[in-house]
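Engineer: Quick one, what's the 3D model for this:
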Amino acid sequence: MTAIEPTLALRLEEIEKRLGSYRTQCWRSAWVVTAVFLIVLALIIAGALFFIPASMIATAQSQLQPLAATAQTTSNATVGGEGDFIKVVIPLLAVAFGFAVGFLGLKRLEQFDSEINGLRSSLQNQLLEERRLAATDRDRLVKTTEDRFADARRSQSEALERIEKRQSELKLEMERAAAQSLNEIKEERSSAKIDRNSIRQEMLDELTRKAEEVASSARSSVGQLVGNELEPLLSEASKDVEKKTEAANLLLQEINLKLQQFGWLKQHVGSLDSFVAITSAGVAHKKALELFQAKQIDAAVKLAKLVIESKCGGSEADFHNLGLEFARNDYHDHATEIVKVGLLFFPSNIDLIADGIKYATCSGQMNIAEELAQELLSIDSVKWNWRSYVFLADYYKARGDDEKSLEVYEQFRSSSLSTSDERGYSESVEFFERLGDLAKAEQFALEGLQKCVQAPQCAFHLAKLKLEQGKCTDAVRFASIALSQNIADQPTVNMSSIIWYRGAARVKYCLQLASMEVIDVPRLEREAILAAKDLSLSVAMPRIVRQHEQEAAVQMQLLRQALAQVGSDQVGNPIFQDLKDKQAALMTAIAQMMKAREQASEE
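Structural biologist: Numbering: from 1, shown residues only. Predicted structure coming up:
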C-alpha cells in the first residue's frame with residue numbers, strides 16, 4: 001500500500017463519521033419536531049374545549065342533532081351525552097395531520113440514507129481508483145528504481161575496473177621508477193668508483209712525476225733542493241691529494257643521500273619473494289607455522305589474505321590444518337574464510353564443513369554457521385565424525401538452543417562412534433556441569449567410562465566430581481584411570497591437570513587421616529609421599545595451569561603440617577621441599593620413583 005491509500009482511507013473514515021453524526025442530528029430533529037407537534041396539538045384541543053363560545057357549540061349541535069339522532073339509533077355508542085361531534089372531529093383531524101407530517105419526515109430521512117449510501121459508493125469507487133493509480137505508480141517507481149540501481153551498479157563496476165586498471169598502472173610505474181632509480185644508483189656507484197680510481201691514478205702519476213723531477217734535481221744539488229725545493233713540492237703534492245680526497249668524499253656523500261630516498265625498500269626485502277612460492281594450502285600451512293612461531297603476526301595475516309584472494313588449491317587436510325593453525329592463534333575469521341576456500345574444491349568434506357561451523361560460531365558469523373549447519377544436516381549422519389556432532393552442538397549452544405544441542409549429543413551416543421569416541425558422553429557431562437546438574441553429569445560420565453574403549457575425559461570429570469564430594473579414594477582411582485587412558489600421540493586431556501587433581505585428592509585424603517581420632521601414621525606417610533610426587537611432577541610439566549602451580553605450594557605446606565602434627569620423621573624428606581625450582585622438583589620426583597621401583601624389585 002502506497003502513501004495515497006492510507007490518506008484516502010482516513011478521508012473515507014472521516015466522511016463516514018460526519019455522515020453518522022448528520023444522521024443522528026436528523027433523527028434528533030425529527031423527534032423534536034414530533035414532540036413539538038404533539039404539544040401544539042394538545043394545546044389546540046385544550047383551546048377547543050375551553051375557549052370556543054357556547055353559542056357556537058349550541059348552533060352546531062342544533063344543526064347536527066338530526067344526524068346525531070340517526071347515528072344514535074344505528075349505533076350503541078354515545079358521544080358525551082349530547083353527541084358533541086366537534087370535540088371528536090377536531091382531534092381526529094389534528095392526529096391525521098400529525099401522521100402526515102411524520103410520514104413526510106420519515107420519507108426525508110429515507111432520502112438522506114439513499115444520498116449517504118450513494119456518497120459512500122462514490123467514495124469507495126474513488127478509493128479503488130486511487131489504489132489502482134497508486135499501484136501503477138508504485139510499479140513504475142519500482143521499475144525506475146531498479147533501472148537506476150542497475151545503472152549505478154554498472155557505473156560502480158566500471159569505476160572499480162578503472163581504479164584497478166589505474167592501480168596496476170601505478171604499480172608498474174612505481175616498479176619501473178624503482179628499477180630505474182636502482183640502475184642510476186648502480187651507475188653512480190660505478191662512476192664514483194671509476195672517478196675514485198682515476199683520481200688515485202692521477203695522484204700517483206703526479207707524485208711519480210714530481211718524484212722523478214725531485215730525483216733529477218737532487219742529483220745536481222742535493223743539499224740545495226732539500227732545503228729550498230723538495231719541501232714545497234711535497235707540500236703542494238699533499239695539498240693536491242687532500243683536495244681530490246675531499247672531492248671524492250663529497251661525491252660519496254651525494255650517492256649516500258640518493259640511496260637514502262630508497263631506504264623504505266629495505267623493509268620489503270624478502271617479503272614478496274617469500275610469498276611468491278605459495279602455490280598451495282599445504283605450503284601456506286608450513287609458512288604459517290614459521291610466521292606464528294617467529295611472532296610475525298602481520299605477515300601471517302597477509303599470508304591468509306593471499307590464500308583467500310588467490311584461492312590456491314590443496315588437499316582437504318591442507319585446508320583443515322591451515323584453518324586450524326589460524327584458529328589456534330584466535331584468528332577465527334581468517335580461519336572461516338580459509339575453510340570456505342577449501343569448500344570450493346571439496347564441497348562435501350565433513351571435516352571442512354564442521355570446521356567452518358566452529359570457526360564461524362567463534363567469530364560471531366552466525367549466518368555463515370547457519371548455512372554450513374544446514375549443509376551438514378543435508379548429509380547422511382552415517383558419514384559424520386566427532387567434529388560434526390561436537391561443533392554442531394556448540395553452534396546450537398552458542399545460539400541458545402540447548403534442546404537441539406542435547407539432541408545432537410543423544411544422536412552422537414546412539415551412532416556407531418559411541419564405543420570408539422567418548423565425546424558424546426564427555427560433552428554431555430560438561431553441558432550438565434554448566435547447568436549445575438552434577439548427578440546427571442556423573443551418570444553420563446560413568447556410562448561413557450563403561451561403554452567406551454578409552455574415556456580419559458569421562459574419567460577425569462569423575463575424578464573432579466568425586467573430589468568435590470570428598471570421596472578422595474574414588475577421585476584418586478578415577479584420576480589414575482584417566483592418566484593411563486590419556487597416553488596417546490594427541491592426548492585429549494592436559495596431563496599436568498590429571499596429575500595435579502590426583503595429588504590434590506591425596507592431599508585431602510591425608511588431611512582426613514590426620515583429623516581422625518586414631519591416626520594410621522604409616523598410611524598417612526605413604527599417601528603424603530604419593531601426593532608430594534604428584535604435585536612435584538605436575539608443577540614440573542610444561543603445560544601446568546597457572547592456578548594449579550600456585551596452589552601446589554600451598555598443598556605441599558599442608559602436607560608438611562599434617563606430618564608434623566603426627567610427629568612423623570618424613571617432614572625432612574626432600575620431596576616435601578618448596579616447589580620453586582621446577583627442574584629440581586622434577587628430578588626429585590624421578591629419583592623417588594626410581595628408588596621406590598628398586599625397593600619393589602628387591603622385595
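
Engineer: Can you name every helix or strand that the helix or strand hosting Gln25 contacts?
Structural biologist: Applying DSSP states H and E as the criterion places Gln25 in helix 4-50. For helix 4-50, the contact count by 3 or more Cβ pairs under 8 Å, 6 or more residues apart in numbering; DSSP states H and E identifies helix 85-220 as packing neighbours. Backbone N, C-alpha and C define where each C-beta goes, glycine included.

Engineer: Quick one: mean pLDDT for stretch 41-54?
Structural biologist: Stretch 41-54 carries an average pLDDT of 66.

Engineer: how about the helix or strand harbouring Met556: buried residues?
Structural biologist: Following DSSP H and E, one finds Met556 within helix 546-565. Using 16 or more other Cβ atoms under 10 Å as the test for burial, helix 546-565 gives His548, Glu549, Glu551, Ala552, Gln555, Met556, Leu558, Leu559, Arg560, Ala562, Leu563.

Engineer: Could you list every helix and strand in contact with it?
Structural biologist: Secondary-structure packing of helix 546-565 (3+ Cβ pairs under 8 Å, 6+ apart): helix 495-514, helix 521-540.

Engineer: Dump the C-alpha coordinates for it into PDB.
Structural biologist: Extracted in PDB, the C-alpha atoms of helix 546-565 (Å, rounded to 0.1, in the frame of the first residue of the first chain):
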ATOM      1  CA  ARG A 546      48.900 -21.200  36.500                       C
ATOM      2  CA  GLN A 547      46.400 -21.600  39.300                       C
ATOM      3  CA  HIS A 548      47.500 -25.200  39.900                       C
ATOM      4  CA  GLU A 549      51.100 -24.100  40.100                       C
ATOM      5  CA  GLN A 550      50.300 -21.600  42.800                       C
ATOM      6  CA  GLU A 551      48.100 -23.900  44.800                       C
ATOM      7  CA  ALA A 552      50.600 -26.800  44.700                       C
ATOM      8  CA  ALA A 553      52.900 -24.900  47.000                       C
ATOM      9  CA  VAL A 554      50.100 -24.400  49.500                       C
ATOM     10  CA  GLN A 555      49.100 -28.000  49.400                       C
ATOM     11  CA  MET A 556      52.800 -29.000  50.000                       C
ATOM     12  CA  GLN A 557      52.800 -26.900  53.100                       C
ATOM     13  CA  LEU A 558      49.600 -28.600  54.300                       C
ATOM     14  CA  LEU A 559      51.300 -32.000  53.900                       C
ATOM     15  CA  ARG A 560      54.300 -30.900  56.000                       C
ATOM     16  CA  GLN A 561      51.900 -29.500  58.700                       C
ATOM     17  CA  ALA A 562      49.900 -32.800  58.700                       C
ATOM     18  CA  LEU A 563      53.200 -34.800  59.000                       C
ATOM     19  CA  ALA A 564      54.500 -32.500  61.700                       C
ATOM     20  CA  GLN A 565      51.200 -32.800  63.600                       C
END
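
Engineer: From Gln443, how far out is the closest residue to Gln512 other than its chain neighbours?
Structural biologist: Closest residue to Gln512 apart from its sequence neighbours, by Cβ to Cβ, 6 or more residues apart in numbering: Cys472 at 6.6 Å. Distance, Cys472 to Gln443, by Cβ to Cβ, to the nearest Å: 21 Å.

Engineer: Same drill for those two, tell me which one is more crowded.
Structural biologist: Cys472 (21 against 15; other Cβ atoms under 10 Å).

Engineer: Go ahead and confirm the more buried one touches Arg502.
Structural biologist: No. With contact defined as Cβ atoms under 8 Å, Cys472 does not reach Arg502; the gap is 10.0 Å.

Engineer: contacts for stretch 398-405?
Structural biologist: In this structure, residues lying in contact with stretch 398-405 by Cβ atoms under 8 Å, 6 or more residues apart in numbering are Thr361, Met366, Ala369, Ala393, Asp394, Tyr396, Lys397, Phe431.

Engineer: what residue ranges in the stretch 451-600 of the chain score low on pLDDT?
Structural biologist: Along the stretch 451-600 of the chain, the parts satisfying pLDDT under 70 run over 571-572, 574, 576-600.

Engineer: Report the secondary structure element holding Tyr359.
Structural biologist: Secondary structure (DSSP H and E) places Tyr359 in helix 350-362.

Engineer: I'd like to know which elements that helix is packed against.
Structural biologist: Looks like helix 350-362 contacts helix 316-328, helix 332-345, helix 366-377, helix 386-399 (3+ Cβ pairs under 8 Å, 6+ apart).

Engineer: okay, the angle between that helix and helix 332-345?
Structural biologist: Here helix 350-362 runs at 150 degrees with respect to helix 332-345, directions being taken by axes from the mean of the first three to the mean of the last three Cα atoms, to 10 degrees.

Engineer: Pull out the buried positions in helix 350-362.
Structural biologist: Neighbour-count burial for helix 350-362 [16+ other Cβ under 10 Å]: 350-362.

Engineer: picking that back up, make CSV out of the helices and strands packed on helix 546-565 and add distance to Lys295 and mean neighbour count.
Structural biologist: Formatted as CSV, these follow (distance: least, Cβ to Cβ, whole Å; neighbours: other Cβ atoms under 10 Å):
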stretch, distance to Lys295, mean neighbour count
helix 495-514, 25, 23
helix 521-540, 26, 22
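
Engineer: As a markdown table, the ones you listed with distance to Ser168 would be great.
Structural biologist: Below are the helices and strands packed on helix 546-565 laid out as a markdown table (distance: least, Cβ to Cβ, whole Å):
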| stretch | distance to Ser168 |
| --- | --- |
| helix 495-514 | 55 |
| helix 521-540 | 58 |
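
Engineer: which residues sit in contact with Glu433?
Structural biologist: The contact partners of Glu433, taken as Cβ under 8 Å, 6+ apart, are Ala441, His461.

Engineer: where does it sit relative to Ala445, distance-wise?
Structural biologist: Distance of Glu433 to Ala445, computed by Cβ to Cβ: 10 Å.

Engineer: what do the two both touch?
Structural biologist: Joint contacts of Glu433 and Ala445 (Cβ under 8 Å, 6+ apart) are His461.

Engineer: tell me the angle of the helix holding Tyr359 relative to helix 316-328?
Structural biologist: 20 degrees.

Engineer: Now helix 350-362: average pLDDT?
Structural biologist: 91.

Engineer: ok and that helix relative to helix 386-399, angle-wise?
Structural biologist: Using the same axes, to 10 degrees: helix 350-362 against helix 386-399 is 20 degrees.

Engineer: Kindly tell me how buried Glu468 is, as a neighbour count.
Structural biologist: 10.

Engineer: Asn329 too?
Structural biologist: Neighbours of Asn329 (other Cβ under 10 Å): 16.

Engineer: Contacts only, for it.
Structural biologist: Asn329 neighbours (Cβ under 8 Å, 6+ apart): Phe292, Ile297, Ala300.

Engineer: Report the separation between the second one and Lys287.
Structural biologist: In this case it means Ile297. Counting by Cβ to Cβ, the separation of Ile297 from Lys287 is 13 Å.

Engineer: Could you check which of these two is surrounded by more residues?
Structural biologist: Regarding Ile297 and Lys287, a neighbour count based on other Cβ under 10 Å identifies Lys287 as having more, with 20 against 12.

Engineer: Report the two of the contacts of stretch 398-405 separated the most.
Structural biologist: Using Cβ to Cβ, these reach their maximum pairwise distance at Met366 and Phe431, which is 19.9 Å.

Engineer: hang on, the earlier thing: need the helices and strands packed on helix 350-362 in CSV (columns: mean neighbour count).
Structural biologist: Compiled in CSV, those are given as follows (neighbours: other Cβ atoms under 10 Å):
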stretch, mean neighbour count
helix 316-328, 22
helix 332-345, 22
helix 366-377, 17
helix 386-399, 21
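
Engineer: Looking at these, spot the one closest to Glu246.
Structural biologist: Set against Glu246 and scored by Cβ to Cβ, the helices and strands packed on helix 350-362 come closest in helix 332-345, at 57.1 Å.

Engineer: Now for Cys458, how many residues are close by?
Structural biologist: Number of residues near Cys458 (other Cβ under 10 Å) recorded here: 30.
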